[in-house]
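Peer 1: Mind folding the following:
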Amino acid sequence: MKLDNLKLEVLLDEKKVQEINLKATNAMPAYETTELSVSEKGKHQLQVKVRDTIFNYDIKYPEEKYIMVTAHLKENGKIHIGILKQAYKYRFH
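Peer 2: Modelled structure (predicted):
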């Protein structure tokens, strides 16, 4: 519940592409899908800003075409943003 209404800013190559407000829930977590403009082939930088922290990730397109970003709270109370990258779509069950 400590992450409720937390604002995340998503940037691609230092340009803001999306703003997300997290919603805490006891039900099944929801997810959101977004398409980003990228070059045909190339390396891009994905950044996620949370409060006063910026998380940086290098993305290789098209090898890492699908990216899942997750936010969670560590035991020490700090926020962590993690990502998974792969060439094919994720399947959610």
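
Peer 1: Could you list the low-confidence segments of this protein?
Peer 2: Where the chain drops to pLDDT under 70, the residues are 1, 28-29, 93.

Peer 1: Pairing partners for the spatially most central residue of the chain in the sheet, please.
Peer 2: Among the residues of the chain, the one closest to the centroid is Val69, at 3.1 Å (C-alpha atoms, centre = their mean). For Val69, the beta-bridge partners under DSSP bridges are Ile83.

Peer 1: close enough to count as contact, it and Ile83?
Peer 2: Yes. Val69 is in contact with Ile83 according to C-beta atoms under 8 Å; the separation is 5.1 Å. (Glycine included, C-beta is placed from N, CA and C.)

Peer 1: For Glu19, which three-state class applies?
Peer 2: strand (DSSP: H, G, I helix; E, B strand; the rest coil).

Peer 1: gap between the residue nearest to it when sequence neighbours are not counted and Lys85?
Peer 2: Spatial nearest neighbour of Glu19, excluding adjacent residues (C-beta to C-beta, 6 or more residues apart in numbering): Glu9 at 5.5 Å. Separation of Glu9 from Lys85 (C-beta to C-beta, to the nearest Å): 20 Å.

Peer 1: what's the answer for Glu64, then?
Peer 2: Glu64 is 4 Å from Lys85, by C-beta to C-beta.

Peer 1: Also Asn5?
Peer 2: The value you get for Asn5 to Lys85, if C-beta to C-beta is used, is 28 Å.

Peer 1: Who has more neighbours out of these two?
Peer 2: Lys85 (16 against 8; other C-beta atoms under 10 Å).
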